[in-house]
Every structure is written in C-alpha cells, then in structure tokens.
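Undergrad: Sequence plus the predicted model coming up.
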Amino acid sequence: MKIGSEPARDTERVAAARDAIGDAGLFVDANGAFSAKQALALAEHLAEHDVRWFEEPVSSDDVAGLTLMRARAPAGLDIAAGEYGYNLDYFRRLLALPSVEVLQADVSRCGGVTGFMQVAALCEAQHVDLSGHCDALHLHAACATAAAPPRMVPTTTCASSTCCSTGPRNPTTVRLRPIFRVQDLVSSSKNATQSASARRPDEGRCESQCACPQAQSHYARPSQPAPRSRTAGHRPHCRTRPAGHHPSS
C-alpha cells in the first residue's frame, strides 16, 4: 500500500489494512516521502503491525539514508529500493554499502532485458534478493536468467494512495522459479534437429519427375520404375539442369 502522502494517518491506515487482511503479507511503499529519521520512526510502528516490506522509505538518491535504514530498521522489515536505477554503477553502489535487503530494477529504465540480466548477476554474486518492478515486463527476463536464476521477488503495488493492496508472502521466502531451464531448451533444439535429419530423403525435396541424375539417385525405388528421362518441364528448384538444357531455349 502507498504511504507518505498523509504521514499523520499512515499508522492508522496500516493498522486498518492489517485488520482487514489478517496474516497476509503487508508491504508499504513511501516513494521516498520521508527523511531518514522520519522513516526510522515510522519503521518502528510498521513493525508493530508485521509489515514486511518498506519500499523507498527515503529517496532512491539518498544512498546514505537507505544504508542507515537497512542497518537500523527492525528485524523482519526489509528495505527495498532501486526501481529508478539506470546504470550498473548505481546498483553496484547499493549492493556494496549495503543499502537494501531487496534490490529493485525496472526493465524499462535499467537498460532493457540486457541491463536487467546484468543487475540479476550482481544480485546473485552478492546473495541479495531482486525484485522486478512490474511483473508483466519481467517474467520473460526472469526466464532468461534461468541458468543461474536470481532470487526473484514478484511484487504488486496499487497506484491509489488509499488502497490497502497486499503483496505476496515474505519476500525472503518467495521465489519466482523459471518455467524452463536452459538445458531443456538445448535438449529440445537437439531433438528437433534429429527429427529433421531422420525424415525420408524425399521429404521436402522435388519429386522424381525431374530428370537430373541427382533426383534419379534419390528417388528411384525398387518398387517403382525409374523416372523417365525428360528435358521439358524441368523443375526450377532443382539445382542440376538436364543435359542439353540451355537458359535461352
């Protein structure tokens, strides 16, 4: 759920959301509305209501503030940020300090699928969870990293400031598994190649009406008479032209 537009009501709204959804996971997104000290004070209240995800408690540009939040926020409340990142240096800095427990990346901002896969590699190296900012854009990108899948955390946030939408379960336990492995794709490709090579030699080729020697050797069968020699009506897709055939004739 969105918070920060009415800070005085945030604690009340979070309490109402918790009562409404029971034990389901509750995530909040402040969109960088608070200073580091304000966000720390609010984090204590969020923890009382078992909020498990605090997205952009401070501006994503405030890397020092994010680092402070990650170090001092209550246990069980993950700090997430990074959706506005557009180069690897930014993501590398967030991971190196460290500034987040869940790194976010948006494929429409971070350099497309290639950039997203590079961010995924950084997360995998640092053992940090990765969240695709919008599910629909990132599902195929997650599959593209199937050889070494990062810990993908699918998240959903409603744009309405009054909505109490909930995300999935604890982001430290939710994993988006790829729907296929790279090995499966390689195996499928090999099977397709073998199936194509196992076809009869006359499948996909010109019929035995062609008079060229290559066609006769390929298509003459013991149960059928040898094809008649003919120079007229030569099939244009046969590479060998009949004897005596001339383009001008």
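TA: Noted; the coordinates are in hand.

Undergrad: Any regions of this protein where pLDDT drops low?
TA: Applying pLDDT under 70 to the chain flags residues 135, 145-249.

Undergrad: Show me the helices in it, by range?
TA: Ranges of helices in the chain, per DSSP state H, are 7-21, 36-48, 63-72, 88-96, 112-126, 135-144, 182-197, 213-219.

Undergrad: Kindly reformat these as JSON lines containing mean neighbour count.
TA: Backbone N, C-alpha and C define where each C-beta goes, glycine included. Shown next, in JSON lines, are those (neighbours: other C-beta atoms under 10 Å):
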{"stretch": "helix 7-21", "mean neighbour count": "15"}
{"stretch": "helix 36-48", "mean neighbour count": "17"}
{"stretch": "helix 63-72", "mean neighbour count": "18"}
{"stretch": "helix 88-96", "mean neighbour count": "17"}
{"stretch": "helix 112-126", "mean neighbour count": "18"}
{"stretch": "helix 135-144", "mean neighbour count": "16"}
{"stretch": "helix 182-197", "mean neighbour count": "10"}
{"stretch": "helix 213-219", "mean neighbour count": "15"}
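
Undergrad: Need those in a markdown table (columns: distance to Ala105).
TA: As requested, the helices of the chain are exported to a markdown table (distance: least, C-beta to C-beta, whole Å):
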| stretch | distance to Ala105 |
| --- | --- |
| helix 7-21 | 26 |
| helix 36-48 | 22 |
| helix 63-72 | 15 |
| helix 88-96 | 7 |
| helix 112-126 | 4 |
| helix 135-144 | 8 |
| helix 182-197 | 21 |
| helix 213-219 | 55 |
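
Undergrad: between the ones you listed, which one is nearest to Glu56?
TA: helix 63-72 (8.4 Å; C-beta to C-beta).

Undergrad: Contacts for the closest one next, please.
TA: Here helix 63-72 makes contact (C-beta atoms under 8 Å, 6 or more residues apart in numbering) with 35-36, 39-40, 43, 54, 57-60, 79, 81, 93-94, 97-101.

Undergrad: One more pass at 7 Å, please.
TA: 36, 39-40, 57-58, 79, 81, 93-94, 97-101 (C-beta atoms under 7 Å, 6 or more residues apart in numbering).

Undergrad: just stretch 101-109 next, same as before
TA: For stretch 101-109, the external contacting residues (C-beta under 7 Å, 6+ apart) are 70, 78-86, 91, 94-95, 113, 116, 119, 123, 128-134, 137-138, 141, 153, 171.

Undergrad: what's the farthest-apart pair in the contacts of helix 63-72?
TA: Farthest pair in the contacts of helix 63-72 (C-beta to C-beta) is Leu40 and Arg93. Separation: 21.2 Å.
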